[in-house]
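> give the three-dimensional model of this entry:
(one chain, ligands or ions: 2)
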Amino acid sequence: MGSREATVLASTVVRVSPSSMPDICDLILDDHELFRRRFAELDDELHSEPSVVGALWQPLAEHLERHASAEEEVFYPQLLERVDDGEHETHHAVRDHNKIRDALRKVAATEPGSDAWWEAVGAANEENSDHMAEEERGPLSAFRRHAGQEIRKELGARFVAFNAEHAGGRELDTDDVDPDEYIEDHTSAQARAASSSTPRVRGDEESEVDMKRAQAGE
Ligand SMILES: [Fe+2]
Ligand SMILES: [Fe+2]
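Numbering: from 1, shown residues only. Ligands and ions are numbered 1, 2, ... in the order given. Have a look, this model is predicted:
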């Protein structure tokens, strides 16, 4: 690998320092607030051109998909580990995420700006609004009460890293997630041991190693 390619590769490494991150609960709430605002902005465009409403919808749909996946990757495994009623809450949330994914597919199957499209967007808004309200009352509230600042910031760093890695929907798996399998996968002792022994946050030190390897052409 030439030095220029190595430099390009090195510059793509995401540098995340957990100590400077907001906590995961705040990041999730921020996303929820953004979703409410984006759906409200769409309401203002009821009589706008299809290209306008389509352009507003596309990034919102992508963010909704990514948000659900980020929560399943970063937040819910820790809820399962730290909160007594975590299994019930997580099962419910994964089912809700699948309903949101289904609602997004229905929007994608219609023409932007058509009556069917607006109806499907309204249904997606309803599914998402219901889920966010329940998530804020249940899992997020419970996590604030049971998890300390250190883990919440570490998870915040991982949440940011996940979003950077899958920005724009890049390599994001949007298939439904089986809630039973999800619980099983994340509650087995083996899964817990694996996740605790494998660092999933790419901190500054790791990034430095990546950069040196890239520069050396490895
Ligand atoms: Fe969620
Ligand atoms: Fe959420």
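
> going forward, measure contacts and count neighbours with C-alpha atoms only.
Will do.

> next one: the longest helix seen in the chain to chain centre, how far?
Counting by DSSP state H, the longest helix found in the chain is helix 86-108. Between the centre of helix 86-108 and the centre of its chain there are 13 Å (CA atoms, centre = their mean, to the nearest Å).

> so which elements touch that helix?
Applying 3 or more CA pairs under 8 Å, 6 or more residues apart in numbering; DSSP states H and E, we find helix 86-108 packed against helix 50-70, helix 76-82, helix 115-135, helix 179-187.

> let's see it at 10 Å
helix 50-70, helix 76-82, helix 115-135, helix 141-146, helix 179-187 (3 or more CA pairs under 10 Å, 6 or more residues apart in numbering; DSSP states H and E).

> most packed of the ones you listed?
Compared across these, helix 76-82 shows the largest average neighbour count, a mean of 20 (mean count of other CA atoms under 10 Å).

> that helix: how far from the chain's middle?
Chain-centre distance of helix 76-82: 15 Å, with CA atoms, centre = their mean.

> and it, what does it pack against?
Applying 3+ CA pairs under 10 Å, 6+ apart, we find helix 76-82 packed against helix 86-108, helix 141-146, helix 149-165, helix 179-187, helix 189-197.

> residues contacting the second one, please?
Helix 141-146 is contacted by residues 23-26, 75-76, 78-80, 82-86, 89, 134-136, 139-140, 152 when judged by CA atoms under 10 Å, 6 or more residues apart in numbering.

> and what of stretch 31-39?
Contacts of stretch 31-39 (CA under 10 Å, 6+ apart): 26-29, 40-41, 43, 56-57, 59-61, 63-64, 67, 121-122, 124-125, 128-129, 132-133, 135-136.

> mind running it again at 7 Å?
Residues outside stretch 31-39 that contact it (CA atoms under 7 Å, 6 or more residues apart in numbering) are 125, 132.

> mind listing what's buried along it?
Going by neighbour count (16 or more other CA atoms under 10 Å), the buried part of stretch 31-39 is 32, 35, 38, 39.

> mean confidence for that stretch?
In this model, stretch 31-39 carries a mean pLDDT of 98.

> off-centre distance for it?
The answer for stretch 31-39 is 14 Å, by CA atoms, centre = their mean.

> restricting to C-alpha, output that stretch in PDB.
Presented in PDB, the C-alpha positions along stretch 31-39 are these (Å, rounded to 0.1, in the frame of the first residue of the first chain):
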ATOM      1  CA  ASP A  31     -32.600  11.200  18.600                       C
ATOM      2  CA  HIS A  32     -36.200  10.900  19.800                       C
ATOM      3  CA  GLU A  33     -36.600  14.600  19.900                       C
ATOM      4  CA  LEU A  34     -35.200  14.900  16.500                       C
ATOM      5  CA  PHE A  35     -37.700  12.300  15.200                       C
ATOM      6  CA  ARG A  36     -40.600  14.300  16.700                       C
ATOM      7  CA  ARG A  37     -39.400  17.500  15.000                       C
ATOM      8  CA  ARG A  38     -38.800  15.800  11.600                       C
ATOM      9  CA  PHE A  39     -42.300  14.300  11.500                       C
END
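
> show me where pLDDT drops low in this structure?
Scanning the chain for pLDDT under 70 picks out 1-19, 189-218.

> measure the closest residue to residue 54 other than its chain neighbours to residue 77 for me?
Sequence neighbours aside, residue 112 is the residue nearest to residue 54 in space, at 5.3 Å (criterion: CA to CA, 6 or more residues apart in numbering). Counting by CA to CA, to the nearest Å, the separation of residue 112 from residue 77 is 36 Å.
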